[in-house]
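Peer 1: predicted model, plus sequence, below.
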Amino acid sequence: MPASTFAPANLQWMGLAKETTRGVAMAAPTFWVPVDSPTWVPTRPPIVDGALRGSMAGEYEQQQGQGHDTIAYKTYFYLDSVYPHLLAVLGNPDTIGGAGPYTHKTALYNGSGGDAAQPPSYTVFYNDGAGKVLAMPGAIPSTVKITIKPEGLAELNVTWVGLPATAITPPANTPTTAKPMPGWNTIITLGGTALSTFSEVDVEYKRATEIIPAVTGTQTPFAIFGGPVTVAGSITAIYQGYTADTNLQDYLTNTQPTLLVKVAPAGDAVNSILFQHSKVTYDVAAPSGTNKWMEVKATTKMLANATDALGGGFSPAQVILTSAQSTAY
């Protein structure tokens, strides 16, 4: 019987490192991200030769165009890795305050000088479970989505777009020892009032991330472009009645309140991460129910505003980490 070859999925791991030079891969991760269901997708667009040759055939040859890769995964809120994901998608350099614990703030980066208002680039490291580590340079997140439910762990779903990955000698794997944050340990403040009626909050930070094609003499494109950022979400709450429900009244009156989502490790009164959205508008807020209690489900947009910005301009969000780390992410 022939020998079988297989790779245990449990041996997969992910790591990240902010790049010193955009598009030039770092040697090893600077922090590790526990992940669920990671996927690496290499994309090499086909270029088909359909030139006529006196035959009724339609396709004769095929080459590959310039390519890029994507890496996606689900992870949870760990104190040492949740904030860098938001810094990566929003882009503003880490702003540090305090004297221990320290606050780290980021918001939408609107440019400084000749940097084309680009967010930082990262090298994403992916161990495929078969002993190969792929390093994807020049990466920028296209999506970072937070999901908070009281019955689960607070989670992130992340998609990175980068230059083609290459296999490298596996660096040492150093998993985090931080504990994941439970969804129930969240404080949600809407319009300045902390509410205990929310059953689910989803906020998706999306960046229009694309490859920049150019004649480089290789299949590698010129760079990965970080385009404009939009933020949208959905919030589900226990319905409080027509005149008493905050979501419904904000929708009906076109009130655009502040939405704060603060998540902390269990039993930790010091460290936390805060998602601040100072101008939230409702697309819909509809009461509904089947064979259980009534709920109100709302879809929202987080609009750009000066309050959430850092360093001028506008931002749809500001993210604030409080932790013991004194150095910038």
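Peer 2: Okay, I see it. Numbers count the residues shown, from 1 in each chain.
Peer 1: contacts and neighbour counts: CA atoms only from here.
Peer 2: Fine.
Peer 1: need phi/psi at the residue nearest to residue 298 when sequence neighbours are not counted.
Peer 2: The shortest distance from residue 298 to any non-neighbouring residue, by CA to CA, 6 or more residues apart in numbering, is to residue 285 (4.1 Å). Main-chain torsions, residue 285, degrees, to the nearest 10: phi -150, psi 100.
Peer 1: ok, residue 285 - contacts?
Peer 2: For residue 285, the contact set (CA atoms under 8 Å, 6 or more residues apart in numbering) comprises 247-248, 251, 296-299.
Peer 1: strands of the stretch 1-150 of the chain, start to end?
Peer 2: For the stretch 1-150 of the chain, the strands defined by DSSP state E, counting those that start in this stretch occupy 13-18, 31-33, 36-43, 46-49, 61-64, 68-76, 95-98, 102-107, 122-127, 133-148.
Peer 1: okay, the ones you listed, which one's buried deepest?
Peer 2: Compared across the strands of the stretch 1-150 of the chain, strand 122-127 shows the largest average neighbour count, a mean of 27 (mean count of other CA atoms under 10 Å).
Peer 1: which residues does that strand contact?
Peer 2: Contacts of strand 122-127 (CA under 8 Å, 6+ apart): 11-19, 22-26, 28-29, 40, 71, 133-140, 170.
Peer 1: how about stretch 320-329?
Peer 2: For stretch 320-329, the surrounding residues in contact (CA under 8 Å, 6+ apart) are 79, 83-84, 94-96, 100-106, 270-276.
Peer 1: hey, where'd the helices end up in the stretch 151-300 of the chain?
Peer 2: Assigned helices in the stretch 151-300 of the chain, in chain order: 246-252 (criterion: DSSP state H, counting those that start in this stretch).
Peer 1: show me the shaky parts of it.
Peer 2: Within the stretch 151-300 of the chain, no range satisfies pLDDT under 70.
Peer 1: now do 80
Peer 2: Along the stretch 151-300 of the chain, the model assigns pLDDT under 80 to residues 290-291.
Peer 1: distance of the most centrally placed residue in the chain relative to residue 242?
Peer 2: The centre of the chain sits closest to residue 144, judged by CA atoms, centre = their mean, with a distance of 2.0 Å. According to CA to CA, to the nearest Å, residue 144 and residue 242 sit 33 Å apart.
Peer 1: next one: residue 29
Peer 2: Going from residue 29 to residue 242 by CA to CA gives 52 Å.
Peer 1: higher neighbour count, those two?
Peer 2: Neighbours were counted for residue 29 and for residue 242 using other CA atoms under 10 Å; residue 29 has more, 21 against 11.
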